[in-house]
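Participant: predicted model, plus sequence, below.
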Amino acid sequence: IDDPDTIGYEWRLSSTHPRPDICDWYAGIDFGLGKGVFPKDQVPRQKAHPNCMCKLVAKTTRNKERGEKNLREFLQGLDPARKKAIMPAWARDLEAAGAPIEALVRPDGMGFRSMKEIRALMGEEKFGVAQKVGRAMNERVWTRLEAHVEKRMKEGFIKNARELDRNFERVLGHKETELWAIKGAKGEINKIYGLNRALNELIIVNKEGKRVTWFPMDKRGPDKFLDDERSRLKKSSLIFISLVKELWGK
């Protein structure tokens, strides 16, 4: 770094680079020295991720090819599959729950905010619920899927498993859906309800972020359903978290 002939260091992807990740951005960043070249005072001091095999190569001249300057712009230019592969798992979940990319990227555009920072900004309960909601939107993993499909088909509400997925995603992706959570005695979030009054439908997500069920509300209505849930709880409590559209302060 002290060599006066060295203008910066180029981030070069390992020849064994198996799949897209944050290294692809490092290799395409542009600080004005060309694609992938970091000025000496901004060279990363640690690996981009565990088991990273990429390397830094000293440069004495600028690279002719220009790269991207901003992580947010880089991500927005990718197709969904590649963007998903590059983002940390927790950031993918939060984006699926409605977080805009700019909320997840550092203000200087030079990387993702830390999960600890996002957790502090949102608050523990909102962060935990958003992460589980996003995971349920990202991954079509159900508890007892066959039983739920069979039951809803017999009730005449769906024709197949795909329709169950669509109904679940419609409720959880609706901006006016209310997010409620069952909070345990130790403060842990054990179950999440997504209740939509306009659709008169409800979904449930478990503490691992898996899809539990979707169903139309019966004649009791949303408020009676919530009252019934409160009455059956003992050491746990039912708390309102947010509307989906307000998870991110909108």
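Facilitator: Received it, and whenever you're ready, just let me know what you need.
Participant: low-confidence regions, the chain specifically.
Facilitator: 1-2, 69, 249-250 (pLDDT under 70).
Participant: counting residues, what is the longest helix that it contains?
Facilitator: When the chain is parsed with DSSP state H, its longest helix is helix 124-138.
Participant: residues in contact with the next helix-or-strand element following that one?
Facilitator: Once the chain leaves helix 124-138, the next helix or strand it forms, by DSSP states H and E, is helix 145-154. By C-beta atoms under 8 Å, 6 or more residues apart in numbering, the list of residues contacting helix 145-154 from outside reads Trp142, Ile158, Lys159, Asn160, Ala161, Leu164, Thr213, Trp214, Phe215. Bear in mind the C-beta positions are built from the backbone N, C-alpha and C, glycine included.
Participant: for the following helix or strand past helix 145-154, which helices and strands make contact with it?
Facilitator: Using DSSP H and E, the helix or strand that follows helix 145-154 in sequence is helix 161-172. For helix 161-172, the elements it packs on are helix 124-138, helix 145-154, strand 189-196, strand 201-206, strand 211-216, judged by 3 or more C-beta pairs under 8 Å, 6 or more residues apart in numbering; DSSP states H and E.
Participant: does the residue nearest in space to the middle of the chain sit in a helix, a strand or a coil?
Facilitator: Nearest to the geometric centre of the chain sits Asp93, at 1.9 Å (C-alpha atoms, centre = their mean). Following DSSP: H, G, I helix; E, B strand; the rest coil, Asp93 is assigned to helix.
Participant: dump the residue contacts of the spatially closest residue to it that is not a sequence neighbour.
Facilitator: Of all residues not flanking Asp93 in the chain, Gly134 sits nearest, at 3.3 Å (C-beta to C-beta, 6 or more residues apart in numbering). Counting by C-beta under 8 Å, 6+ apart, Gly134 touches Arg92, Asp93, Leu94, Glu95, Ala96, Ala97, Ala99, Gly209.
Participant: try 6 Å
Facilitator: Asp93, Leu94, Ala96, Ala97 (C-beta atoms under 6 Å, 6 or more residues apart in numbering).
Participant: one more: Met115?
Facilitator: Met115 sits next to Trp90 when contact means C-beta under 6 Å, 6+ apart.
Participant: can you give me the end-to-end span of stretch 165-182?
Facilitator: From its first residue to its last, stretch 165-182 covers 23 Å (C-alpha to C-alpha, to the nearest Å).
Participant: please shift the residue numbers so they start at 47 in all later answers.
Facilitator: Yep, numbering from 47; the last one is stretch 211-228 now.
Participant: what about the closest residue in space to Leu210 that isn't next to it in sequence, neighbour count?
Facilitator: Of all residues not flanking Leu210 in the chain, Ile204 sits nearest, at 5.2 Å (C-beta to C-beta, 6+ apart). Each residue near Ile204 was counted by other C-beta atoms under 10 Å, and the total is 20.
Participant: next: Asn116.
Facilitator: Using other C-beta under 10 Å, Asn116 is surrounded by 16 other residues.
Participant: could you do Val179 as well?
Facilitator: Other residues lying near Val179 total 27 when counted by other C-beta under 10 Å.
Participant: hmm, the residue nearest to the centre of the chain is touching Gln177, no?
Facilitator: Yes: applying C-beta atoms under 6 Å as the test, Asp139 and Gln177 come out as touching, 5.0 Å apart.
Participant: one step back: pipe the contacts of helix 191-200 into CSV and attach distance to Lys129 per row.
Facilitator: Converted to CSV, those look like this (distance: C-beta to C-beta, whole Å):
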residue, distance to Lys129
Trp188, 25
Ile204, 31
Lys205, 32
Asn206, 29
Ala207, 27
Leu210, 27
Thr259, 30
Trp260, 27
Phe261, 33
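Participant: right, I'll call it a day here.
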